[in-house]
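Undergrad: here's my sequence, what's the structure:
(2 chains)
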Amino acid sequence: MASYEVYSHPALIRYKTSVCTKATLFLVVVLCLTYIPPLLVAYRSQGFWIKRSTYEEQPVVRFQYQTLLVAATSTQGEYVAWSTFPQLNNMLGANLRIPAVTVREEDQNQDGKLDLLVFQLQLPLKPNEQVYSIQLLLTFSYQLFRMSTVVMQSLAYVQHSSCVPGAKLFISGDLRLQQRTPLPHRGLYNIYNESVIDGSSPFASAYDLENIIRTYQDRNLTTVLSCPMPLWTIGRAAAAPFELKAEIRYPVEGLMFDTPDSGVWCLIFVIVSALTSPSTYRPGFWETIKFAWIQYVSILLIFLWVFERIQTFVFQNQVLTTVPVPVGKPHMS
Amino acid sequence: MAVTAVVKSDPKFVYLFLLLTVVTANTTESDFNTTVFDAYNFSYNVTESTQPPVSESTTTAPSNSTEMPNLAAVPLPVSGHLPSPLTSADRLCPCDEHMDVCDINCCCDRVCNGEVPLFTSCSYPTVSGSKQMCNHDVAFYSLSRAADGYSELLSSAQKETNYDIFCIESQNRVDGLSYPSPALPTDSNFASLFKQFTSFIFGLEKVNQVSSVNLQTSRGYQYGDVIVTAGAAAQRGILRLPTPGVTADCVDNSPAAFLKDQSSRCSRHVVLDQDCGHLPALSMDGYTDTQLFSDMSTDAAVVPVVASSVILQSADHTQTELKITGRGNISPVLINPTLCGNVVLKVLYVIKYNPHGKIDNATVSVVLGFVTEAMLPLEQEFQVMYIQAGGGDVNVHYSGNPGYVVGLPLVSGTRTADGIVRSIDLRDTLSLLHSTEDQDCLQGPHQRSPVLFGQDSLSGCLLRLEDGLNCTLVSQELLRILRGFNYPYYVASFGNSPLDNILDWVQIKTNFNPTEAPSCSIPLSLHLEIEWTKYGSLVNPQAEIVSIKEVIQSNTSSLVRHTISVRAFIAEKKLQATRLLMKHRESFALCVFSHRPCCPEAVVSFQSEAQWPSSQYLLLLFLVIGPHLPSMPNCPLTSSSLLFDSTAAFAYLSFPINTGTLCDHH
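TA: This next block holds a predicted model:
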């Protein structure tokens, strides 16, 4: 009569030994070999966890109502200029030309953060003047809140020149953040919360564009006006003013930041300090562990499987002397 | 939503009426949701009535404020009650822009009964309430053509169902879907509201009156202060030093700052026949006729600015010093319509101060010259120097203390029997030929630029030879031009090497021997190779020049080619070793970088004999090369100094050359 497997279950065999035997030593060695190498493998393969990460945030940007405008009015290098800095305006003397300026900042999607600056400027010109080049500098207050609180003052600079005198310059661009080093993952980052232009300085060197741009570009965190298509319209009527219209958007930025310090010693330090004094461990601990344990466990599984086989082989074949205890006796009572 | 918009714009209306039209015009263009429209209507009404009461309130405010301070919470005269927001769909009308006037094609406008037959379409065919509700009212407007060709309005309202899982079934809060009611401006909260909604405005910059410096305090000048001058009628002015501002043009109003040595070149647009005698910036009197106050107190002594030297520069840049006898003859003179004489080209103020911040004396030296049409726009140079009184010989400039500072000229001199002789004139240091506009090597005037420490530089000129030239003469002349007139043969090891210590000076080695070749050789390039090293402790290394070599390449063939380019080239080469000299003869420090896995471990060798500058170095010891060389960007010096008992005086610490990442010790 044909037989078939109606049911199966694994049987548990216990192997017993005393403390000071080879089998105990073998067990300790296997445990060490199972749990420590995955740690090293994970650490040696390009660091243990992510050192640097990115996030997205729309900054809180406000136009600071500081403006500096220089316009070349002849090909010989004559110019007119204007700024919102009274000291500079005093120094400009006959070259000062006060334009009519309108500014509006819009919150287009009603989320409480401004999205667009519309800056319009009309520069009146004398009959013998034409505009050949424009240099415009606007300053902004720029704030980020999601990871570390970033408070800084930044600028947007526009320069356009043409050999043909212009009637209008239209600029539509984004105020983009440029990051040289990652941000810290928490805390207040306000080392650049200082005036880009020292408007109270009576010295002409404070308004030298070279000085301004040099010190600004020294910073690790700057904004730059990305305007790939400045539009220079020619054909100005004799009595018409030169018009400058700038639409500057404040887009969502992808930001780079440092995740908490990494390294295997750091992990041990974090764990030890978390265990010994739970109140002082760093807030980045769980963030660190979150990425670390996935890597560790995935490698550990392979080691567990391999050493399971080895242990089964060793004890089953009595390579090391142990006392096998067979499957529990059937219950009598 | 709507009400907040009102509050935000309200302070703007108050302080900037000019912006009013722009703001409202822009608001109408945007696509309105239901409640925004109401807000717009409301704010418009308020602002319309804003202007007249402002003037009234200014007259009534003083009487109110004196007698009844308890009126503070009463709303200001220009603010009123806020209407309750509309929400029902059949009452909403986003296109109703004019009150009591029909808006064309606005089908929901309730005053358009007579004009409806003339409509062509509905600008808003549907108007709905809040779309977040599960059931919301929608009003539909459409036009149909009647038999006579005129339009008829068909309007209907119905409930629409929102199938979103998270729709709102019912809401019992009154302002749940609208913005919270804004605070009405009152006397007490106006300032805080104003501050809240106007963080940045035009005209925030405060005017700091430079002339109104605090004259009461009897104090001397401090670093960065403007220097007060005494004008004609007891007026106080400021010492001004023209500098370039937003352009390269001279800004005449820029003040000179106390203790800030400043040197500027700026250009000036001049119309010769109009400005020659009249523009004060061209006249020497404008710079010499000033008197400085010795400090900032009211009873400060007056220090006249003395014209120490007036130099007249001719058209070909030769300079002669003028005897200062009278004033009359050195103001600018228009010699002919295209030539103006005695124009200020360069001004140098030297101001001597004492430790109390008082000005002891002030001198000015001026270079005058002739200006032709070709020199316009005119370039002028202005300089101010501050010298401490009793501060020793200030004319000797050092280039470091002790190690060279990057960007300062090499200290050079010639050897005599007593030691080294060096000129205090900065132009007499080791220098390179500077390229000129005519590019000709043999024709002067030759400009030279000093060799600056740490900066590689290159320049050149063109040599045009004609047949029949005396080769020896050309060779000597070229060598003289390449090397300069006062060619120094010694360069100081340190920026402040003393003149009497000949061991601190390095001789310029040369490979050129003009007498050795029987045939004539013409030098074609001068190449200066300066080797320097870092000396001293690792935390504060000092740059030291260890050797300087002059390589002159010459053309020994006969003079066939007519155009030969001549280049002078200097390269400074950093030694691939950093010397570490210890003060104690018995021990030397060995820096160990290996505390962090980032650092390139050093290969360390040291010399067994305490002789320096001997060139015999003995390689004794290698340290391990670390495993993580390329991945680690910088190496903060976390070194602990290991002290070895040895008679060696210093050690060489060199890095693996192929890593390219030397430790930055700063």
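
Undergrad: give me the number of residues near the residue of chain A found nearest chain B?
TA: Distances between chain A and chain B by Cβ to the nearest Cβ are smallest at residue A:204, namely 3.4 Å. From N, CA and C alone the C-beta is placed, and that goes for glycine too. Residues near residue A:204, counting by other Cβ atoms under 10 Å in any protein chain shown, number 27.

Undergrad: phi, psi for it please.
TA: Dihedral pair for residue A:204: phi -70, psi -30, per degrees, to the nearest 10.

Undergrad: give me the nearest residue to it, chain neighbours excluded.
TA: Leaving aside its chain neighbours, residue A:204 sits nearest to residue B:254 (3.4 Å; criterion: Cβ to Cβ, 6 or more residues apart in numbering or on different chains).

Undergrad: check what pLDDT that neighbour gets.
TA: With respect to pLDDT, residue B:254 has a value of 90.

Undergrad: any low-confidence regions in the chain?
TA: Reading this off chain A. A:1, A:46-51, A:260-285, A:287-288, A:328-333 (pLDDT under 70).

Undergrad: that answer is for a different chain, and I need it for chain B
TA: B:1-73, B:82-83, B:85-86, B:174-176, B:206-218, B:232-234, B:325-329, B:391-395, B:514-519, B:556-666.

Undergrad: let's go with 50 and repeat that
TA: Applying pLDDT under 50 to chain B flags residues B:1-71, B:210-213, B:557-666.

Undergrad: if we ignore the residues flanking it in sequence, what's nearest residue A:322?
TA: The nearest residue in space to residue A:322 (Cβ to Cβ, 6+ apart) is residue A:15, at 3.9 Å.

Undergrad: could you give the bridge partners of the one you found?
TA: Beta-bridge pairing of residue A:15 under DSSP bridges involves residue A:324.

Undergrad: list the contacts of it.
TA: Taking Cβ atoms under 8 Å, 6 or more residues apart in numbering or on different chains as the criterion, residue A:15 is in contact with A:23, A:315, A:322-325.

Undergrad: gap between residue A:192 and residue A:173?
TA: From residue A:192 across to residue A:173, the span is 21 Å (Cβ to Cβ, to the nearest Å).

Undergrad: what do you get for residue B:429?
TA: Distance of residue B:429 to residue A:173, computed by Cβ to Cβ: 49 Å.

Undergrad: more neighbours: which of the two?
TA: The neighbour comparison of residue B:429 against residue A:173 (other Cβ under 10 Å) goes to residue B:429, with 24 against 18.

Undergrad: close to chain B: what parts of the stretch 1-150 of chain A are there?
TA: A:62-66, A:68, A:70, A:76-79, A:81, A:83-88, A:90-93, A:95, A:101-104, A:106, A:110, A:135, A:141 (Cβ under 8 Å from any Cβ of the partner chain).

Undergrad: strands - which of those residues land there?
TA: A:62-66, A:68, A:70, A:79, A:81, A:83, A:101-104, A:106, A:135, A:141 (DSSP state E).

Undergrad: weed out the non-buried ones from these.
TA: Buried by 16 or more other Cβ atoms under 10 Å in any protein chain shown: A:62-66, A:68, A:70, A:79, A:81, A:83, A:101, A:103, A:135, A:141, out of those.

Undergrad: so the residue nearest to residue A:204 is in contact with residue B:241, correct?
TA: Yes. Using Cβ atoms under 8 Å, residue B:254 is in contact with residue B:241, at 6.3 Å.

Undergrad: the two: who's more crowded?
TA: residue B:254 (30 against 26).

Undergrad: nearest residue to the one residue in the stretch 401-550 of chain B that gets nearest to chain A other than its sequence neighbours?
TA: Nearest to chain A in the stretch 401-550 of chain B, going by Cβ to the nearest Cβ, is residue B:407, at a distance of 15.5 Å. Counting by Cβ to Cβ, 6+ apart, residue B:407 lies nearest to residue B:452, which is 5.5 Å off, once chain neighbours are set aside.

Undergrad: got it, and residue A:27?
TA: Here the residue nearest residue A:27, using Cβ to Cβ, 6+ apart, is residue A:311, at 8.0 Å.

Undergrad: my read: that neighbour touches residue A:33, true?
TA: No. Shown here, residue A:311 and residue A:33 do not form a contact pair, counting by Cβ under 8 Å, at 10.9 Å.

Undergrad: now for the closest residue to residue B:337 other than its chain neighbours, how many residues are close by?
TA: Excluding the flanking residues, the one nearest residue B:337 by Cβ to Cβ, 6+ apart is residue B:273, at 4.8 Å. Counted with other Cβ under 10 Å, residues neighbouring residue B:273 total 12.

Undergrad: how about residue A:88?
TA: Neighbour tally, residue A:88, other Cβ under 10 Å: 26.

Undergrad: for the residue nearest to it when sequence neighbours are not counted, phi and psi?
TA: Of all residues not flanking residue A:88 in the chain, residue A:207 sits nearest, at 4.7 Å (Cβ to Cβ, 6+ apart). When read as degrees, to the nearest 10, the backbone of residue A:207 gives phi -110, psi 10.
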